[in-house]
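got a predicted model here, sequence first, then my questions.
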Amino acid sequence: MNKSYRLKMEQLLSEHKLTKELLINCIAKSDRKVAGLAYKEKQYRNVGYNNFKLELDKLIQYRQPFFDVLKDGYNMTLAEIKSEVTVADVNKIPTKKVIDQIRDMIETWDYTLV
């Protein structure tokens, strides 16, 4: 993440403000992992012990609040969110710590949308 973008996002987070771009980037952070787990879950679906389904469900549950804010706050459809995630800039993806902070803000309703 470049420095100017990081400082801008830190300023917004300190003011408890969220942007569409930041929420999209939070989803993009785990998108590749979700795709890999979905593939493995499908591949091992008929095996007796399939731990991939459990991991996949946890990750989907973890990023659900980001989807909810984008759908409700920005009136985006799932297709629009997916297309935005595919073109998300890799250099602007936040760290896990920042994503956890944003998720906590969403869960406690302690944010405003910009």
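Now that the structure is in, tell me what you want to look at.

residues of the helix or strand hosting Asp72 that come out buried?
Asp72 is part of helix 51-73 when elements are defined by DSSP states H and E. Neighbour-count burial for helix 51-73 flags Phe52, Leu56, Leu59, Arg63, Pro65, Phe66, Val69, Leu70 (criterion: 16 or more other Cβ atoms under 10 Å). Glycine gets a C-beta too; all of them are placed from N, C-alpha and C.

and what of stretch 75-83?
Met76, Ile81.

pull that stretch out as PDB, backbone CA atoms only.
Taking Å, rounded to 0.1, in the frame of the first residue of the first chain, the C-alpha atoms of stretch 75-83 are listed here in PDB:
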ATOM      1  CA  ASN A  75     -27.200   0.200  -3.000                       C
ATOM      2  CA  MET A  76     -24.800  -2.100  -4.800                       C
ATOM      3  CA  THR A  77     -25.900  -5.500  -6.200                       C
ATOM      4  CA  LEU A  78     -23.800  -8.600  -5.700                       C
ATOM      5  CA  ALA A  79     -22.700  -8.500  -9.400                       C
ATOM      6  CA  GLU A  80     -21.500  -5.000  -9.000                       C
ATOM      7  CA  ILE A  81     -19.600  -5.800  -5.900                       C
ATOM      8  CA  LYS A  82     -18.000  -8.800  -7.600                       C
ATOM      9  CA  SER A  83     -16.900  -6.800 -10.600                       C
END
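
one step back: need the mean per-residue confidence for the helix holding Asp72.
For helix 51-73, mean pLDDT is 93.

who are the packing partners of that helix?
Under the contact criterion of 3 or more Cβ pairs under 8 Å, 6 or more residues apart in numbering; DSSP states H and E, helix 51-73 touches helix 20-43, helix 78-86, helix 96-107.
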